[in-house]
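Novice: Below are the sequence and a predicted model for it; my questions follow.
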Amino acid sequence: MTAETSSRPLYHIFTRIPQRYDLINHVITLGMDTGWRSRAAQACLEGRPNRILDICCGTGDLAITIAKLADYSPEITGADYSRPMLEIATAKAKMLSQGQNIRFIHADVGRLPFPNGSFDCIGISFAFRNLTYKNPETPKYLDEILRVLRPEGRFVIVESSQPGSAFIRFFDHLYLRCWVFPSGYLLSGNRGAYRYLLDSALHFYSAEETQKFLLKAGFRQITAHRFFFGAAAVYAALK
Ligand SMILES: C[S@@+](CC[C@H](N)C(=O)[O-])C[C@H]1O[C@@H](n2cnc3c(N)ncnc32)[C@H](O)[C@@H]1O
C-alpha cells in the first residue's frame, strides 16, 4: 500500500492542508510556535551532529530553522507523508542560502527508507502527539525512529504538554477551546482537523508522562524543558 492509498489515521487531515497552513499555525499559537521550534533546533544541534532527520517535517520549519542556526553545514533531511506539505517545504528551502543542505523526502515514519543508524539526531516538532495519541501504529513508529538513529544518537521533540498546576491548566484548556479550535477552524475551513487538534492537545501527556513514555520505549537520559507554564516542552533523549 502506498502513502497515497493509505487508510492510516490522520493521513487525510495532513494531505488536505490549506495554503495558509503556516500562517494559521502562527495565529493559533499566538506566534509562540516559532520560538519553541527554535529551542528544539538548538537542542538538535547540540554536539554538532552531521546527519539530522526532521520527521513529520510538514512545511519544513524545523529543518529550515536548524539549517539557519547551524554555524557549520550538517546534512539535513526532512521526511513527511504529505506531498502538499513537502511542496511548500521545498519551495521555502529553495529561497534560503542554507537550503542546499536540506533535502525533503516523501516517507511514512512507519517505514523510513534509511539503513540502520543513518542519523546522529532526529527531531520532531508538533507531531509527536500525532504519532502517539490514540494511534495504533505508535510501536511501529518508535521502532523505526530507534532503528534509523545511531547508537548514542539524540531524539529531540517539541510538543504541547499539560501544565502541572490545575489553575494554569484550566486557562490553557480555555485557550485551546476558545482560541485554538475556533480560529484554526475558521481560518482553514477544516473543522475535523482542528477538532482533532483540540481533543489530542486536551488529553495529551504531561511532561513527566512523556518522559516515562520515552523511557519505556527504549530511550535514556531524557530531559524536559517546559515553556509557557508547561503548555509546551522540548525533550531530548539518547538512544
Ligand atoms: C502538525 S504537523 C507538524 C508539521 C511540522 N513539523 C511543524 O512543526 O509545523 C504534523 C505533520 O506530521 C505528518 N505526519 C503525521 N503522521 C505521519 C507519518 N506517520 N509519517 C510521516 N509524516 C506524518 C503530517 O503529514 C504533518 O505534516
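Specialist: Everything's here; your move. All figures in this text were calculated on a predicted structure; none of them were measured in a lab. Numbers count the residues shown, from 1 in each chain.
Novice: use CA for all of it now, contacts and neighbours both
Specialist: OK.
Novice: Can you show me the strands along this structure?
Specialist: 51-55, 75-80, 102-106, 119-125, 149-160, 220-227, 232-238 (DSSP state E).
Novice: Buried residues, the third one. List them.
Specialist: By neighbour count, and taking 16 or more other C-alpha atoms under 10 Å as the criterion, the buried residues in strand 102-106 are 102, 103, 104, 105, 106.
Novice: still on that earlier bit, need the strands of the chain in a markdown table with mean pLDDT and distance to the ligand, can you?
Specialist: A markdown table is the format used below for these (pLDDT from 0 to 100; distance: least, C-alpha to the nearest ligand atom, whole Å):
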| stretch | mean pLDDT | distance to the ligand |
| --- | --- | --- |
| strand 51-55 | 98 | 7 |
| strand 75-80 | 98 | 4 |
| strand 102-106 | 97 | 8 |
| strand 119-125 | 98 | 4 |
| strand 149-160 | 97 | 8 |
| strand 220-227 | 96 | 16 |
| strand 232-238 | 97 | 12 |
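Novice: Tell me which of those sits nearest to residue 10.
Specialist: Taking C-alpha to C-alpha, strand 75-80 is the member of the strands of the chain nearest to residue 10, at 12.5 Å.
Novice: tell me what the closest one is packed against?
Specialist: strand 51-55, helix 61-69, strand 102-106 (3 or more C-alpha pairs under 8 Å, 6 or more residues apart in numbering; DSSP states H and E).
Novice: about what we covered before: as TSV, the strands of the chain with distance to residue 176 would be great.
Specialist: Compiled in TSV, these are given as follows (distance: least, C-alpha to C-alpha, whole Å):
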stretch	distance to residue 176
strand 51-55	25
strand 75-80	26
strand 102-106	31
strand 119-125	18
strand 149-160	11
strand 220-227	16
strand 232-238	13
